[in-house]
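Colleague: Here you go, sequence then predicted model.
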Amino acid sequence: MQAQADAWRLEGRRIALVPTMGFLHAGHLSLVRLARKMADKVVVSIFVNPTQFGPGEDLEAYPRDPERDRALLAAEAADVLFLPSVAEMYPEGYQTRVSLDRLPHHLCGLSRPVHFGGVATVVAKLIHIAKPQLAVFGEKDYQQLLVVRRMARDLNLDVEIVGAPTVRESDGLAMSSRNAYLAEGQRPAALTLSRALNHARKQVAEGEHRAAAVIANAVATIQAEADTAIDYVKICDPETLEDVSVIDRPVRMALAVKVGRSRLIDNMALVPPHPPSSAQGETS
């Protein structure tokens, strides 16, 4: 992979990397298409990274279908499928990790404490291996996008981190490989995430500036369906992920909900029409 990347760079080619864990869906393929528009060569990596899974998480059960993935990427005219083994990525004696001080200590990082260290480590390695000028990540995993962008900036990696919009199924469910875990009859529960976000966007657009009120409405929407267990519902700063109490600027609402054995995440930008009045701010 490194030799191929070196050859392309010598030819003046612009390389895009799309890191994935496989079991590809239309959301992943949209990233490949965006990468194709922005670069001459597209590398898609598939690696189910063990260092981002904690004890009791779904590492072994994570869905895999490399031959189907290969066919999908061939249809999208990706130039390289990089499919390393665990032994190649973490050989015997491996002992280096990448960690961030603050961004992982919000949202998913609170219930998955090892996750973002694993993400930062493997993405740093993939960037060094594939040597891209840009790497594309979906906004569905918003915290991951921020972590990768901060890691690349802090380590002076010569790569542009590009965020791409969330791709949704026809009923609004954010596309995810983990949607495969949903059992028959659990779809209405899964759809509470996008429904709660759309309600929140409407509330804020209509002038609701109190984050607590927006969150309460989202919680009620989700809990109205059986078989949902909320991990978090947060409204936060779109750069730092710190909690926001008054929505007086664009913010990000993020959710994580367990539906059966599926842990689903989703997020959406909330944009107020105007700053809150002083009275609203005082009562928030």
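Modeller: Looks like it came in fine. Numbers count the residues shown, from 1 in each chain.
Colleague: So Gln243 is in contact with Lys234, correct?
Modeller: Not quite, residue 243 is Asp, not Gln. Yes - Asp243 is within contact range of Lys234, at 6.5 Å (criterion: C-beta atoms under 8 Å). For the C-beta atoms, the positions are set from N, CA and C on the backbone; glycine is no exception.
Colleague: Same drill for these two, tell me which one is more crowded.
Modeller: Lys234 (22 against 13; other C-beta atoms under 10 Å).
Colleague: For the nearest residue to the more buried one once chain neighbours are set aside, pull up the helix or strand it's in.
Modeller: Using C-beta to C-beta, 6 or more residues apart in numbering and skipping the chain neighbours, the partner closest in space to Lys234 is Ala254 (5.2 Å). Per DSSP states H and E, Ala254 falls inside strand 251-259.
Colleague: C-terminal to that strand, which secondary structure element comes first?
Modeller: Past strand 251-259, the next helix or strand by DSSP H and E is strand 262-270.
Colleague: Direction included, what does that following strand pair against?
Modeller: strand 251-259 (antiparallel) (DSSP bridges).
Colleague: Identify the residue spatially nearest to Tyr232, adjacent ones excluded.
Modeller: Looking at Tyr232 with C-beta to C-beta, 6+ apart, the closest residue is Ala256, at 5.3 Å.
Colleague: how does this structure divide into domains?
Modeller: As given by automatic domain parsing, the domain ranges for the chain are 2-164, 177-283.
Colleague: which of those has the lowest average pLDDT?
Modeller: Among the domains of the chain, domain 177-283 carries the lowest mean pLDDT, a mean of 93.
Colleague: which ones are touching the residue nearest to Arg195 when sequence neighbours are not counted?
Modeller: Of all residues not flanking Arg195 in the chain, Thr221 sits nearest, at 5.7 Å (C-beta to C-beta, 6+ apart). Residues in contact with Thr221 (C-beta atoms under 8 Å, 6 or more residues apart in numbering) are Thr192, Arg195, Ala196, His199.
Colleague: at 10 Å what do you get?
Modeller: Applying C-beta atoms under 10 Å, 6 or more residues apart in numbering, we find Thr221 in contact with Leu191, Thr192, Leu193, Arg195, Ala196, Leu197, Asn198, His199, Ala200, Thr228, Val233.
Colleague: thinking again about what came up before, mind checking which of the domains of the chain is nearest Asp171?
Modeller: Ranking these by proximity to Asp171 (C-beta to C-beta) places domain 177-283 first, at 6.1 Å.
Colleague: before we move on, back to that, which residues do Asp243 and Lys234 both contact?
Modeller: By C-beta under 10 Å, 6+ apart, the residues touching both Asp243 and Lys234 are His106, Ala211, Ile215, Val251.
Colleague: Pretty sure the second one sits against Glu242.
Modeller: No - in this structure Ala211 lies outside contact range of Glu242 using C-beta atoms under 10 Å: 11.7 Å.
Colleague: between those two, who's got more neighbours?
Modeller: Ala211 (22 against 10).
Colleague: nearest residue to the residue nearest to the spatial centre of the chain other than its sequence neighbours?
Modeller: Computing the C-alpha centroid of the chain and ranking residues by C-alpha atoms, centre = their mean puts Asp141 first, at 1.3 Å. Counting by C-beta to C-beta, 6+ apart, Asp141 lies nearest to Ile265, which is 7.1 Å off, once chain neighbours are set aside.
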